[in-house]
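Peer 1: give me a model of this one.
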Amino acid sequence: MTLEDVKISLDKIAKELANFQDDREFLLKNTREIIILCSRSIISIHKGDLQTAKKNLKKVDLLLKKYRKKTSPSLRRYLVTSEQEYVEAISLLSIVEGKKIPSNKKLKVMEESYVLGLLDCVGELKRMTFDKIRINETEKALKIFDIMEDLYLQLYPFSMYDKVVKEVRRKIDVNRILVDDVRGAITEEKRRSELIKTLSKFKK
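Peer 2: Numbers count the residues shown, from 1 in each chain. You can find the predicted model right below:
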């Protein structure tokens, strides 16, 4: 039969694709827990509850290690989103604690996950800066903004890799707007503080 080898090949391919599809669905379903834990960690960091944030991130680290062992190189890309969320949360925690943001090698994440996670962290730094401005902690707001701006500037050149790192250019464009917004808010806060100081001198 002329199609005998074709049938054997197609049966084998179908089996491999079915296994691939099952593994993909498994990863997509189970990595949702990682994304939820990372979101909770970020909320805890903003609330100042670093202990809870670290506890959740420890769980994330263990889950990622578990899934990496079960993931073939061809399926690794389905871990990008969960790794990205992990990088975002770890980076924010490191900044709040005044520590160095770990390298992608130390976090054992893919290069794409690392870049995208850092880009997402810029948005969280905007929120944190505004929170500090609201409670009149201008000096802390300035320090956070300096880190935010520096991080953005280091990430900006990666816009040229938009074809290989999904959405990197869009995220960089959004971050530029965020940095400009925060810079404007800090400038206004400085003017307000200086005006209050000037008025208080006249009152004396």
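Peer 1: quick one: low-confidence ranges for this protein?
Peer 2: For the chain, the stretches flagged by pLDDT under 70 are 1, 193-204.
Peer 1: and it, what are its domains?
Peer 2: What the record gives for the chain is the domain set 1-109, 111-204, from automatic domain parsing.
Peer 1: tabulate the ones you listed in CSV, adding columns for mean neighbour count.
Peer 2: Quick note: C-beta positions are derived from backbone N, CA and C, even for glycine. CSV is the format used below for the domains of the chain (neighbours: other CB atoms under 10 Å):
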stretch, mean neighbour count
domain 1-109, 15
domain 111-204, 16
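Peer 1: and stretch 68-86, end to end?
Peer 2: Stretch 68-86 stretches 14 Å from its first residue to its last (CA to CA, to the nearest Å).
Peer 1: can you list contacts of that stretch?
Peer 2: The contact list for stretch 68-86, computed with CB atoms under 8 Å, 6 or more residues apart in numbering, reads 20, 23-24, 27-28, 31, 34-35, 38-39, 57, 60-61, 64, 67, 107-110, 112-114, 116-117, 120.
Peer 1: how close does Phe130 sit to Arg176?
Peer 2: Here Phe130 is placed at a distance of 17 Å from Arg176 (CB to CB, to the nearest Å).
Peer 1: picking that back up, out of the contacts of stretch 68-86, which sit inside helices?
Peer 2: Using DSSP state H to define helices, the subset of those located there is 20, 23-24, 27-28, 34-35, 38-39, 57, 60-61, 64, 67, 107, 112-114, 116-117, 120.
Peer 1: helices of this protein, residue ranges please.
Peer 2: If you assign secondary structure with DSSP H, the helices in the chain sit at 4-30, 32-47, 50-70, 80-96, 104-107, 111-134, 138-155, 168-203.
Peer 1: so the third one versus helix 4-30, what angle?
Peer 2: Orientation check (axes from the mean of the first three to the mean of the last three CA atoms, to 10 degrees): helix 50-70 against helix 4-30 gives 170 degrees.
Peer 1: contacting residues around Ile133?
Peer 2: Ile133 sits next to Ala141, Ala185, Ile186, Glu189 when contact means CB under 8 Å, 6+ apart.
Peer 1: might you report the residue contacts of the first one?
Peer 2: When the contact criterion is CB under 8 Å, 6+ apart, the partners of Ala141 are Thr129, Phe130, Lys132, Ile133, Ile186, Glu189.
Peer 1: touching, the first one and Asp146? I think so.
Peer 2: Just to be clear, that refers to Thr129. No. Thr129 sits out of contact with Asp146 when judged by CB atoms under 8 Å, with a separation of 9.9 Å.
Peer 1: of the contacts of Ile133, which pair is most distant in space?
Peer 2: Distances among the contacts of Ile133 were taken as CB to CB; the most separated pair is Ala141 and Ala185, at 8.5 Å.
Peer 1: mutual contacts of the two, please.
Peer 2: Where contact means CB under 8 Å, 6+ apart, the residues bridging Ala141 and Ala185 through contact with each are Thr129, Phe130, Ile133.
Peer 1: same list, those residues, but as a markdown table with distance to Glu4 please.
Peer 2: Converted to a markdown table, these look like this (distance: CB to CB, whole Å):
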| residue | distance to Glu4 |
| --- | --- |
| Thr129 | 68 |
| Phe130 | 69 |
| Ile133 | 74 |
